[in-house]
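Chemist: everything below, folded, please.
(one chain, ligands or ions: 2)
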Amino acid sequence: MRNYSKSCVYQIYVKSFADSNGDGIGDIPGITGKLDYLAWLGVDYLWITPFFTSPMNDNGYDVADYCNINPMFGTMQDVEVLLAEAKKRGIQLMFDMVFNHTSTEHEWFQKALAKDEAYQQFYIFKDPVDGHAPTNWQSKFGGSAWEYVPSLDKYYLHLFDKTQADLNWENPKVREALKDVIRFWKDKGVGGFRFDVVNLISKPSVWKDDTQGDGRRFYTDGPHVHEYLKELVADTGIADMMTVGEMSSTSIDHCIRYTKQQERELAMAFSFHHLKVDYKDGDKWQLQPANLLELQRLFCDWQEQMQAADGWNAVFLNNHDQPRAISRFGDDEHYWKESGKMLALLIHFMRGTPYVYQGEEIGTPNAGFTSLEEYQDVESKNYYKILLSTGKTVEEALHILSVRSRDNGRTPMLWEESPLGGFSTTSPWLAFPKKRSGVSVAAQQQQTDSILGFYRRLIALRKERPVIAEGTIRFLDTPEGIIGYERQLEEQHLVVLCNLTGNSMTLLPQLRPVGMFLIGSYEEEPDVSLGLRPYEGCAWIC
Ligand code: GLC
Ligand code: CA
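Modeler: Ligands and ions are numbered 1, 2, ... in the order given. Predicted coordinates:
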């Protein structure tokens with residue numbers, strides 16, 4: 001049995017969770033103030049996105065000091081209080097380690113710029129090749145992945161924003177410095193870690209142009225990544241802790257190695273292939289309706305193959321980089337409540353550890369922004385310009401942002417129905433979603449059939465029923481639009497069917513479960529002989 005099969009992780013995007021001091025920005029004491037709510041919900045771990053010293057060009061994923069707190073979010077004492085208060089409630093904290101890169105404001109980078117050669121070795125500085133960048137690689141936020149520094153006559157690599165310089169993991173001093181960061185937080189009582197884009201840390205030894213893509217095939221799951229992870233984990237003694245790696249464009253084979261228990265790398269991994277089924281030709285900025293057959297296939301492949309080789313999934317549909325699943329795979333207009341519950345069920349009964357991203361548990365939809373001024377995200381702003389330069393009209397570009405922007409998932413948490421949502425006493429740094437009627441913790445805590453109540457029940461069921469936490473999984477041969485799977489533990493079977501379409505779907509007789517109805521996204525129990533209603537999700541114990 002896995003340590004974390006019964007656990008549920010709740011992700012907090014600090015800036016948008018709860019503001020304690022009325023500046024419109026969520027903060028650490030704000031989280032402490034909501035611990036009773038999180039304990040009531042039943043979650044075991046909180047993954048808290050970065051709150052360390054940072055110029056905030058990428059909202060904290062550009063860290064300038066890993067062991068200090070950004071004053072915008074509070075103080076070290078606030079963090080210590082949060083840790084202690086969480087512990088009292090049986091909740092552990094996971095901090096977010098952004099180790100692929102640092103902010104260019106980090107002391108190490110500043111020393112490198114000041115010509116300290118030892119610190120230049122901390123990053124990936126290269127000489128120009130024929131007067132231009134060393135390779136044609138593209139940054140994931142748009143534009144070249146190389147930035148030229150005239151005073152050094154060198155380029156440095158940045159796979160993300162130009163203020164996020166990639167660290168040189170080949171340098172043992174870098175690896176040691178990062179281990180010290182882990183030790184520092186571990187000593188403070190942190191219960192686990194999330195590792196940001198950690199499968200990108202090992203770069204190739206030969207630098208060449210990518211004639212087929214943006215360069216990612218050369219550095220994704222790179223040559224020494226497993227070695228580096230094993231070393232980091234062993235030397236900091238975190239092999240038995242709750243750890244999760246964010247794996248960008250990875251493969252099942254690598255995720256098996258990252259998470260197989262005997263490898264002693266990480267407890268689990270996030271992969272993203274299932275969240276690209278609405279990307280046209282793999283391009284996030286080209287819209288297409290979600291390919292549901294592809295979604296079914298991906299869940300089936302990842303779940304069954306990870307299981308076969310003792311890998312372990314982090315299962316999720318939402319995070320701070322994704323538009324809201326309820327708007328993306330559900331119908332937030334006509335079947336808001338049903339979609340919210342069905343998508344929750346789909347994830348929570350799979351094999352792996354489920355993650356709930358703040359606001360998902362109350363059915364928060366996409367932001368619905370209509371002007372560029374409403375957006376804050378660096379990626380959205382960059383791509384808006386790129387979209388216009390490739391011939392899109394302003395309307396088209398804004399429409400694409402309204403579907404794809406990361407700000408869709410970053411709107412402030414709605415605690416109450418009031419205009420400021422109980423988030424703050426002033427207008428927040430990012431606007432609330434336009435559609436927010438019924439979307440609040442206070443409203444839903446009072447209703448028995450709310451999306452929130454449903455999440456709470458799912459989290460409790462995982463602890464009550466071993467088949468959910470530990471059962472094997474097998475996907476059912478369902479028609480397009482329905483995802484079905486069966487979990488099994490000894491004599492017990494659990495059957496889950498989810499209709500991801502707005503149509504009623506008939507069920508072939510062999511798919512109709514017989515047994516005890518457990519939970520479903522409609523108030524009434526389904527009549528399986530009639531099929532599944534739009535966005536209906538339900539589970540039976542058979
Ligand atoms: C991860 C984070 C994302 C960030 C990027 C660069 O993908 O989740 O928010 O922009 O890494 O650190
Ligand atoms: Ca604040």
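Chemist: separation between the residue in the stretch 301-450 of the chain positioned nearest to ligand 1 and ligand 2?
Modeler: Across the stretch 301-450 of the chain, the shortest distance to ligand 1 (C-beta to the nearest ligand atom) belongs to Asp321, at 4.8 Å. In this view, the C-beta of every residue, glycine as well, is placed from N, C-alpha and C. The gap separating Asp321 from ligand 2 is 22 Å, by C-beta to the ion, to the nearest Å.
Chemist: what about the closest residue to that residue other than its chain neighbours, how many residues nearby?
Modeler: Spatial nearest neighbour of Asp321, excluding adjacent residues (C-beta to C-beta, 6 or more residues apart in numbering): Arg406 at 5.1 Å. Counted by other C-beta atoms under 10 Å, the residues lying close to Arg406 total 20.
Chemist: helix, strand or coil for Cys67?
Modeler: strand (DSSP: H, G, I helix; E, B strand; the rest coil).
Chemist: again, but for Ala239
Modeler: Assignment for Ala239 (three-state DSSP): coil.
Chemist: does Leu497 count as helix, strand or coil?
Modeler: strand.
Chemist: so for it, what's the pLDDT?
Modeler: Listed pLDDT for Leu497 reads 98.
Chemist: quick one: it and Glu486 touch, right?
Modeler: No. Contact criterion C-beta atoms under 8 Å: Leu497 and Glu486 do not qualify, at 9.8 Å.
Chemist: quick one, helices of the stretch 101-250 of the chain?
Modeler: Per DSSP state H, counting those that start in this stretch, the stretch 101-250 of the chain carries helices over the ranges 107-113, 117-120, 172-187, 216-219, 225-236.
Chemist: ok, the residue nearest to Asp321 - contacts?
Modeler: Arg406 is in contact with 320-323, 377, 379-380, counting by C-beta atoms under 8 Å, 6 or more residues apart in numbering.
Chemist: CSV for those residues, including neighbour count and secondary structure?
Modeler: Listed next are these as CSV, based on neighbours: other C-beta atoms under 10 Å; DSSP: H, G, I helix; E, B strand; the rest coil:
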residue, neighbour count, secondary structure
His320, 21, coil
Asp321, 17, coil
Gln322, 17, coil
Pro323, 21, coil
Asp377, 22, coil
Glu379, 21, helix
Ser380, 20, helix
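Chemist: pick the one among those residues closest to ligand 2.
Modeler: Top of the list for closeness to ligand 2, among the contacts of Arg406 and by C-beta to the ion, is His320 at 17.5 Å.
Chemist: dump the residue contacts of the closest one.
Modeler: Per C-beta under 8 Å, 6+ apart, neighbours of His320: 11, 13, 49, 357, 406, 409-410.
Chemist: just Asp407 next, same as before
Modeler: By C-beta under 8 Å, 6+ apart, Asp407 lies in contact with 367, 369, 374-377, 380, 430.
Chemist: just the ones of those residues in helices?
Modeler: Here DSSP state H is the test, and the contacts of Asp407 give Ser380 as lying in helices.
Chemist: common neighbours of Leu497 and Glu486, please.
Modeler: Leu476.
Chemist: who's more crowded, these two?
Modeler: For Leu497 versus Glu486, neighbours defined as other C-beta under 10 Å are more numerous around Leu497 (29 against 19).
Chemist: can you tell me how far the more buried one sits from ligand 2?
Modeler: 43 Å.
Chemist: tell me what that residue is bridged to.
Modeler: Listed beta-bridge partners, Leu497: Gly484, Cys538 (assigned using DSSP bridges).
Chemist: by neighbour count, which of the contacts of Asp407 wins?
Modeler: Most surrounded of those: other C-beta under 10 Å gives Ala367, at 25 neighbours.
Chemist: follow-up on the earlier one: pretty sure the residue of the stretch 301-450 of the chain closest to ligand 1 contacts Asn408?
Modeler: No. Assessed by C-beta under 8 Å, Asp321 is found out of contact with Asn408, at 9.9 Å.
Chemist: who are the contact partners of the residue nearest to Met342 when sequence neighbours are not counted?
Modeler: Among residues not flanking Met342 along the chain, Gly537 sits closest, at 3.1 Å (C-beta to C-beta, 6+ apart). Taking C-beta under 8 Å, 6+ apart, we find Gly537 in contact with 338, 341-346, 496-499, 520-521.
Chemist: before we move on, back to that, got phi/psi on the residue nearest to Asp321?
Modeler: Dihedral angles of Arg406 (phi, psi; degrees, to the nearest 10) stand at phi -70, psi -20.
Chemist: likewise Leu532?
Modeler: Main-chain torsions, Leu532, degrees, to the nearest 10: phi -100, psi 140.
Chemist: list the beta-bridge partners for it.
Modeler: Beta-bridge pairing of Leu532 under DSSP bridges involves Met505.
Chemist: ok, so what distance separates it from Thr243?
Modeler: Leu532 is 37 Å from Thr243, where distance means C-beta to C-beta, to the nearest Å.
Chemist: if you count what's nearby, which of those two comes out ahead?
Modeler: With other C-beta under 10 Å as the criterion, Leu532 and Thr243 differ in neighbour count, and Leu532 comes out ahead with 29 against 26.
Chemist: is it true that the more buried one touches Leu497?
Modeler: Yes. Using C-beta under 8 Å, Leu532 is in contact with Leu497, at 6.3 Å.
Chemist: pull up the overlap in contacts between those two.
Modeler: 482, 507, 538.
Chemist: need the contact list for the last one.
Modeler: Read that as Cys538. Here Cys538 is in contact with 345, 496-498, 517-522, 525-526, 532 (C-beta under 8 Å, 6+ apart).
Chemist: low-confidence ranges, the stretch 151-300 of the chain, go.
Modeler: Within the stretch 151-300 of the chain, no stretch has pLDDT under 70.
Chemist: tell me where it has strands.
Modeler: 154-157, 164-166, 192-195, 242-246, 268-270, 279-280, 283-287 (DSSP state E, counting those that start in this stretch).
Chemist: now the stretch 101-250 of the chain against ligand 2: closest residue?
Modeler: Taking C-beta to the ion as the measure, the stretch 101-250 of the chain has Ser103 as its residue closest to ligand 2, at 21.0 Å.
Chemist: once you drop chain neighbours, what's closest to that residue?
Modeler: Once flanking residues are discounted, Ser103 sits nearest to Asp62: 3.9 Å by C-beta to C-beta, 6+ apart.
Chemist: isn't the one you found up against Asn100?
Modeler: No. Look at Asp62 against Asn100 with C-beta under 8 Å: they stay out of range, at 11.3 Å.
Chemist: circling back: of the contacts of Arg406, which is the nearest to Leu298?
Modeler: Nearest to Leu298 among the contacts of Arg406, counting by C-beta to C-beta, is Gln322 at 15.1 Å.
Chemist: burial count for the closest residue to the closest one other than its chain neighbours?
Modeler: Excluding its sequence neighbours, the residue lying closest to Gln322 (C-beta to C-beta, 6+ apart) is Gly409, at 5.4 Å. Look at Gly409: counted by other C-beta under 10 Å, it has 25 neighbours.
Chemist: quick one, phi/psi of Gly409?
Modeler: Dihedral angles (degrees, to the nearest 10) for Gly409: phi -90, psi 0.
Chemist: one more: Thr426?
Modeler: phi -140, psi 170.
Chemist: and the closest residue to it other than its chain neighbours, what does it touch?
Modeler: Nearest residue to Thr426 in three dimensions, chain neighbours excluded: Gly24, at 4.8 Å (C-beta to C-beta, 6+ apart). Contacts of Gly24 were listed using C-beta under 8 Å, 6+ apart, and they are 424, 426-429.
Chemist: farthest-apart pair in the residues you listed, please.
Modeler: Thr426 and Trp429 (9.8 Å).
Chemist: give me every residue in the stretch 201-350 of the chain lying close to ligand 1.
Modeler: 246, 320-321 (C-beta under 6 Å from any ligand atom).
Chemist: would you confirm that Thr353 contacts Tyr10?
Modeler: No. Thr353 sits out of contact with Tyr10 when judged by C-beta under 8 Å, with a separation of 11.6 Å.
Chemist: give me the beta-bridge partners of the residue of the stretch 101-250 of the chain closest to ligand 2?
Modeler: Counting by DSSP bridges, Ser103 forms beta bridges with Gln164.
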